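[1] I'd like to go over a predicted model; first the sequence, then the structure.
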Amino acid sequence: MKLHRMLVPLALLPLVASAQTTVYSTNFSSGALRTSGSTYNVGDWTLAASKAATSSAGSSTPGLSASGLDFGMGSTTSNVIQTQNRFTTSSVTLANTNDYIQLRVVFTDKNNVLAGNSTTSSQLSLGLYDTSGNNPAIGLSGTALLSSAASSPFATGNAQTWEGYLGRFTLNTGSNIIQARPVQAGASTGSANQDLLFNGVSAGFNNPGPTGILNVTSASTLGALTNNSQYSATLRITRSDTTSYTILYSLFDGSSTQLQSVSTTATGAGFLSNLSFDGLAFGYRFAAATGQGQVSGLTITSVEVANFAAAAIPEPANIAAFAGLAGVAAIGLRRNRKV
């Protein structure tokens, strides 16, 4: 028997391998921001806010250009705003132990995001979701807004069906949050069912509230960000085993120095099984002292979603077969050398 014929079966056996791939990436040279109408294409961006969205300067409308996705809120003492995106139709499933998905958002704080004049209710949040094939809602940033008021046409569908995980940093406190956001399936008929990031406020999801809310105490507090400075936020969800995920949320400055990081394990009530990630959200809550309203806003300059897939470990029987075939191949090789 020729040696190459004996080696063919070896190539067919599953080997341990891993690979990281970029699932989605944009620097906003393409795509669209949808704030009105009914057309949505996968990869487009929408806004959802508790008050009418503006540019980050507060003086015009939000926009998307080669400079990035720019949005904010006019002068107010309290608001939540977020951008939502269904980024792929080829969803990412974390099938094996150590598989992970990571979302990285690079942004410039243009106006008072986690600002020094804010209260400790001010927050920065990032999330990854299973969309169930439903696009985000269009039109929740102008006259129709995130609200707990009843009888909204946005009570069902769109992001109401999304479920996943989010990380949230709170200004000047060591207590931050990583939580599971379930499908909003209760009796509420408000448009707050479309919120993905900010439960516990009138414009935030609470129907039901977070499944297995996870408060994470940081080693240090996160101080105010600096206007016109660049930052990056990352959220990584790793499959720990068949009943848990490890979730890591981090914030870096423009020189990649880590400013804050929190992590925890989502298990038990906080474990959402059979997720297939294809949606994201990023946004902030601004809260100032009474009578100290401020313009707030930011510009996102790039977004990347990466998937690391660790191959399954070969079955014991396959490992034994591999060893046996390798032994036979070695014998064949010695005989060939004697000829």
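    Everything's here; your move.
[2] For the nearest residue to residue 123 once chain neighbours are set aside, name its beta-bridge partners.
    Excluding the flanking residues, the one nearest residue 123 by C-beta to C-beta, 6 or more residues apart in numbering is residue 285, at 4.4 Å. From N, CA and C alone the C-beta is placed, and that goes for glycine too. Note on residue 285: beta-bridge partners by DSSP bridges are residue 80, residue 123.
[3] Quick check: buried residues in the longest strand anywhere in the chain?
    For the chain, the longest strand by residue count, based on DSSP state E, is strand 294-310. Using 16 or more other C-beta atoms under 10 Å as the test for burial, strand 294-310 gives 294-301, 303-310.
[4] Below-threshold pLDDT in the stretch 1-150 of the chain: ranges please.
    Applying pLDDT under 70 to the stretch 1-150 of the chain picks out residues 1-17.
[5] Tell me where it has helices.
    3-12 (DSSP state H, counting those that start in this stretch).
[6] Let me know the secondary structure of residue 274.
    Using DSSP: H, G, I helix; E, B strand; the rest coil, the three-state assignment for residue 274 comes out as coil.
[7] quick one, strands of the stretch 51-200 of the chain?
    53-54, 63-65, 68-76, 78-86, 92-93, 100-111, 123-130, 163-170, 175-181 (DSSP state E, counting those that start in this stretch).
[8] starting at the chain centroid, how far to the third one?
    What separates the centre of strand 68-76 from the centre of its chain is 20 Å, taken as C-alpha atoms, centre = their mean, to the nearest Å.
[9] repeat for the fourth one
    On the basis of C-alpha atoms, centre = their mean, strand 78-86 is displaced by 13 Å from the centre of the chain it belongs to.
[10] Which secondary structure elements does it sit against?
    Secondary-structure packing of strand 78-86 (3 or more C-beta pairs under 8 Å, 6 or more residues apart in numbering; DSSP states H and E): strand 45-49, strand 68-76, strand 279-287, strand 294-310.
[11] helices or strands up against the third one?
    Think strand 279-287. Against strand 279-287 (3+ C-beta pairs under 8 Å, 6+ apart) you get strand 78-86, strand 100-111, strand 123-130, strand 294-310.
[12] and the angle for the shortest one with strand 175-181?
    The reference is to strand 123-130. Strand 123-130 runs at 20 degrees relative to strand 175-181, counting by axes from the mean of the first three to the mean of the last three C-alpha atoms, to 10 degrees.
[13] Same check on the last one?
    If you take the same axes, to 10 degrees, strand 294-310 sits at 60 degrees to strand 175-181.
[14] Pull up the pairing partners for strand 294-310, direction included.
    With DSSP bridges as the test, strand 294-310 pairs up with strand 18-26 (antiparallel), strand 68-76 (antiparallel), strand 100-111 (antiparallel).
[15] List the contacts of residue 280.
    When contacts are counted by C-beta atoms under 8 Å, 6 or more residues apart in numbering, residue 280 touches 84-85, 87, 103, 126-129, 303, 305.
[16] hmm, 7 Å instead?
    85, 87, 103, 127-129, 305 (C-beta atoms under 7 Å, 6 or more residues apart in numbering).
[17] wait, isn't the residue nearest to residue 123 in contact with residue 80?
    Yes - using C-beta atoms under 7 Å, residue 285 makes contact with residue 80 at a distance of 4.6 Å.
[18] Can you work out which residues contact both of the two?
    Common contacts of residue 285 and residue 80 (C-beta under 7 Å, 6+ apart): residue 198.
[19] May I have the beta-bridge partners of residue 93?
    Bridge pairing for residue 93 - DSSP bridges - gives residue 276.
[20] And residue 118, by the same measure?
    residue 288.
[21] Just give the number of residues close to it.
    Counted by other C-beta atoms under 10 Å, the residues lying close to residue 118 total 25.
[22] likewise residue 145?
    Burial of residue 145 is recorded as 24 neighbouring residues (other C-beta under 10 Å).
[23] Equivalent analysis for residue 293, please.
    Neighbours of residue 293 (other C-beta under 10 Å): 16.
[24] before we move on, the earlier item: now for the helices and strands packed on strand 279-287, which one comes closest to residue 69?
    Residue 69 sits nearest to strand 294-310 of all these, at 4.4 Å, using C-beta to C-beta.
[25] by how many degrees do that closest one and strand 279-287 diverge?
    Going by the same axes, to 10 degrees, strand 294-310 makes 150 degrees with strand 279-287.
[26] what angle sits between strand 294-310 and strand 45-49?
    Using the same axes, to 10 degrees: strand 294-310 against strand 45-49 is 130 degrees.
[27] Please work out the average pLDDT along strand 294-310.
    In this model, strand 294-310 has an average pLDDT of 96.
[28] Quick one: distance of it to the chain centre.
    Computed by C-alpha atoms, centre = their mean, the chain-centroid distance of strand 294-310 equals 8 Å.
[29] Of all the helices and strands packed on strand 78-86, which one is nearest residue 193?
    Comparison of the helices and strands packed on strand 78-86 against residue 193 by C-beta to C-beta identifies strand 45-49 as nearest, at 10.6 Å.
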